[in-house]
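S.K.: Output the structure for:
(chains A, B and C)
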Amino acid sequence: MTQTKNDILSSLNPSQRQAAEHFCGPLLVAAGAGSGKTRALTYRIANLILNHGVDPENILAVTFTNKAAREMKNRIEQLFAQHLALIRYDKPRSALTPEEQMKLRSRIYHSYIKPLWVGTFHALCARMLRYDIEKYQDARGHRWNKNFSIFDEDDAQKLVKQIVTQELNLDPKKFNHKTVRYSISNGKNKGWSPQAYQEAEPDYKGRVISQVYSIYQEKLAENNALDFDDLILVPVQLFRQNEQVLAYWNRRFRHILVDEYQDTNHTQYDLIRLLTTGGVNSYSFNDWQQRSIFVVGDADQSIYSFRMADFTILLDFQHDFGDRLPDESTRTMVKLEENYRSREQILTAANHLIARNEQRIDKVLRPTRGEGDPIYHYSADDEQEEAEFVIQKIRQMNGDNPEMHWGCFAILYRVNAQSRAFEEILVRSNLPYKIVGGFKFYDRKEVKDALAYLRILVNSADSISLTRVINTPKRNIGKTTVDKLMNAAIELGVPLWEIINDATSVNTLAGRSAKAVIRFAELMAKWQQEVNNMTASEIARGIMEESGYIEDLKKQGTDEAEDRLQNVFELFNAIAQFEEDNEEANLENFLAEAALASDLDNLKEGTDAISLMTLHSAKGLEFPVVFLVGLEQGLFPNHRSIEDPPALEEERRLCYVGITRAEDMLCITHALKRRLWGGYREAAIPSQFLDELPRDVLSSPHLGRSRRKGGSPGRAVRTSSPQNWRKGDRVVHRSFGPGEITHVFGTGQKISVAIKFPGAGQKIIDPQLDQLQKLE
DNA sequence: GGTTGTCTGTTTTTT
DNA sequence: ACAGACAACC
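M.R.: Residues are numbered from 1 along each chain as shown, chains lettered A, B, ... in the order given. This is a model prediction of the structure:
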């Protein structure tokens, strides 16, 4: 009888506790970096179940990444283990015998973890759709069945390309398939149908894109496939058209928790709102009996606007769901401001930097740990020397401090391409490292080929997968043959598979390739039969063997082929692992998971290695020592953001995210010269963010040198305006480097100049806005 | 139908 | 610089 409510929550601070104790109604937790938001979330879930008697089945917890979902499950499990060890065995968890541990874990998993719905928006929606998608039809009557394929970005682009170039014969320069795909994606993230798209963007371009969008949806339906955006949008539309379906999920998920709420887009918001209110479509919704909406986020860490995330959704929470009272008197917002992660000097820098942003909730990170060391700033000659410096510094710290193992260090950069210089030196130095994100296991050609085979078995309508592997390995089924078959399929309005699987049609259409096509069809048909009899592992091995794919790689004999072979086997391992971890593992479930999984390396965590990743991937993580590299104008902030104030604010938030990853030590570097697009970019100007950090927390032995070489960006603004620019002047631009003026337009205040840059080509620039310096 | 060589855009970030 | 797309050739 020692377990009371107090005991579970006793380790929380007052604000965390207020968040964790929240039962019914809306609550926004505005949680600064390192303030224990995951803690508040997990403790609240435990508290709901243990102290309020909520059935885990009634809880929906949405995270932004798979990693975060895994982490949350683990932490909830640990909480329960701690708690139940005391209740059931009357001793702390650490004192349990191995058998008792095992028994306890299995019990916790079955009664608490498994019935909880914890996952990303995409994974959770995919799961709901496996139940209900057959009740859905879109505005034009298209339907899907529960074996739908999930198209990744690659598949989606292929489809758009097909439409743009073949169906509509558009000028590929004006309507680049990637740009069109991106526009469609953005439209979907705003909740627009093709019709709505056209209404929102009624100009010529908008009308064309709307038309592509419309055909694209038709094709997706023909393939029985959805793209990433549809996974969210389709449930929203289904909920709007089918009251019973919405009522079911609304009743089911009484308590909804959303992590990283600042990263939600409008469609995701609609989904959450529908699930929470059950479709009561007004702000007067206030039936909070036995229900809650609990969102956690930080507007200062909103870094996904390029994916249509909109942090004003977080800023509006109080208006949407809350009591709409001012911050001081509201009962529907809690701020977590104590920072348990970083040393004071690091927090000072972070607070100072982010305070420059206009759009935010006022909030500071209050230090709880000692002052720590100043932030170290290093100015390198080029990207190679930058990497050498960082690695040498890591070796030195590792040598000096026995407790600093390799896993303590992280190198964070703006773009993936920056990892190369570091990798080269790490390999040469023989140090253990891991690259998080970047190349993804499931993006590799051979893995996608294997998955395509499997997808066809589950969803034979998936023509994208079918065309992908029909001649891989080579079976003498060339482009002309595939085109003929495909045209017939389009003509008849049936999936490609139906043509291929009919020997007569094939004989008529395919000429001398007919035999090969028929053999391929027979192979696939045979394995389709086995989907319900054999395990996913057996099927995967079987089809990859019998299709000749493995044989083909083996006989190539190159290192690359060997590598690919290894990856195919690695996929088999992943399937086997999946079968071990999931009771109802089957091929369908595996494919659903694989489509949404990022990379496999996450599985082998725990290895002691230096971490390399982009700033975006670093969100949510923390490291004792962080190196923030490549702080150069044009790289970070990225050149596409410099002239766009909201985008620049986002870059600044990204920098804030980077700084706040560091626990004890932060080191910021930039290079004066950087290899980019093949050539060198000379005289790179240090990032403006360096100037935006408070001076007194920066320790920077090379500061003087770097300033003189790069010029001070702060001062350059003022010196550049009254100049007389002339054709032929040699100049240095803040982000494009050195160049020569080729034209001068206008006079006086309204002057603009065209400059030819060796690296970036010709650009027209306003010297008032851009930092331009004349060279003598 | 497959292979070789040339041309092009590409580098912001991701579920 | 480099991969992927496409055309010309085998």
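
S.K.: List the contacts of residue A:511.
M.R.: Shown in contact with residue A:511 (Cβ atoms under 8 Å, 6 or more residues apart in numbering): residue A:481. Any C-beta I mention is one placed from the backbone N, CA and C, and that applies to glycine too.

S.K.: sorry, that was for residue A:608
M.R.: Counting by Cβ under 8 Å, 6+ apart, residue A:608 has contacts A:405, A:406, A:407, A:432.

S.K.: same thing with residue A:207?
M.R.: A:198, A:201.

S.K.: Please repeat the previous calculation with a cut-off of 10 Å.
M.R.: Residue A:207 makes contact with A:197, A:198, A:201, according to Cβ atoms under 10 Å, 6 or more residues apart in numbering.

S.K.: quick one: it is in a helix?
M.R.: Yes: the assignment for residue A:207 by DSSP: H, G, I helix; E, B strand; the rest coil puts it in a helix.

S.K.: Okay, it and DNA strand B: tell me how far apart.
M.R.: According to Cβ to the nearest atom of the strand, to the nearest Å, residue A:207 and DNA strand B sit 22 Å apart.

S.K.: just checking, residue A:585 touches residue A:578?
M.R.: Yes: in this structure, residue A:585 is within contact of residue A:578 by Cβ atoms under 10 Å, at 5.4 Å.

S.K.: Common neighbours of these two, please.
M.R.: Common neighbours of residue A:585 and residue A:578, using Cβ under 10 Å, 6+ apart, are A:536, A:537, A:593.

S.K.: okay if I get those as TSV plus neighbour count and pLDDT?
M.R.: Converted to TSV, the shared contacts of residue A:585 and residue A:578 look like this (neighbours: other Cβ atoms under 10 Å; pLDDT from 0 to 100):
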residue	neighbour count	pLDDT
A:536	21	94
A:537	19	94
A:593	19	88
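
S.K.: Which one of those is nearest to DNA strand B?
M.R.: residue A:593 (11.2 Å; Cβ to the nearest atom of the strand).

S.K.: The closest one reaches residue A:126, doesn't it?
M.R.: Yes: the pair residue A:593 / residue A:126 is scored as a contact, 8.9 Å apart, by Cβ under 10 Å.

S.K.: ok, the contacts of residue A:207 vs residue A:496, which is closest?
M.R.: residue A:197 (28.0 Å; Cβ to Cβ).

S.K.: can you pull the contacts of that closest one?
M.R.: Neighbouring residues of residue A:197 by Cβ under 10 Å, 6+ apart: A:183-184, A:186-188, A:190, A:206-207, A:209-214.

S.K.: could the shared contacts of residue A:585 and residue A:578 go into JSON lines alongside secondary structure and distance to DNA strand C?
M.R.: Output for the shared contacts of residue A:585 and residue A:578, formatted as JSON lines (DSSP: H, G, I helix; E, B strand; the rest coil; distance: Cβ to the nearest atom of the strand, whole Å):
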{"residue": "A:536", "secondary structure": "helix", "distance to DNA strand C": "28"}
{"residue": "A:537", "secondary structure": "helix", "distance to DNA strand C": "29"}
{"residue": "A:593", "secondary structure": "helix", "distance to DNA strand C": "24"}
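
S.K.: Nearest to residue A:377, out of those residues: which one, please.
M.R.: residue A:593 (43.2 Å).

S.K.: Please name the residues that touch the closest one.
M.R.: So residue A:593 contacts A:66, A:123, A:126, A:150, A:574, A:575, A:578, A:581, A:582, A:585 (Cβ under 10 Å, 6+ apart).

S.K.: Out of the residues you listed, list just those in helices.
M.R.: A:66, A:123, A:126, A:574, A:575, A:578, A:581 (DSSP state H).

S.K.: Please verify my assumption that the third one contacts residue A:144.
M.R.: No: here residue A:126 does not reach residue A:144: they are 11.9 Å apart, not a contact under Cβ under 10 Å.

S.K.: shared neighbours of these two, anything?
M.R.: Joint contacts of residue A:126 and residue A:144 (Cβ under 10 Å, 6+ apart) are A:133, A:226, A:230, A:234.

S.K.: export those to CSV and tack on neighbour count?
M.R.: Listed next are the shared contacts of residue A:126 and residue A:144 as CSV, based on neighbours: other Cβ atoms under 10 Å:
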residue, neighbour count
A:133, 21
A:226, 25
A:230, 25
A:234, 23
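
S.K.: What parts of the stretch 101-250 of chain A come near DNA strand B?
M.R.: When proximity is defined as Cβ under 7 Å from any atom of the strand, the stretch 101-250 of chain A approaches DNA strand B at A:120, A:121, A:122, A:123, A:153, A:173, A:176, A:178, A:228.

S.K.: taking the contacts of residue A:207 one by one, which sit in helices?
M.R.: A:197, A:198.

S.K.: Hmm, which of the contacts of residue A:207 is lowest in pLDDT?
M.R.: Among those, residue A:201 carries the lowest pLDDT, at 88.

S.K.: Right, I'll leave it there.
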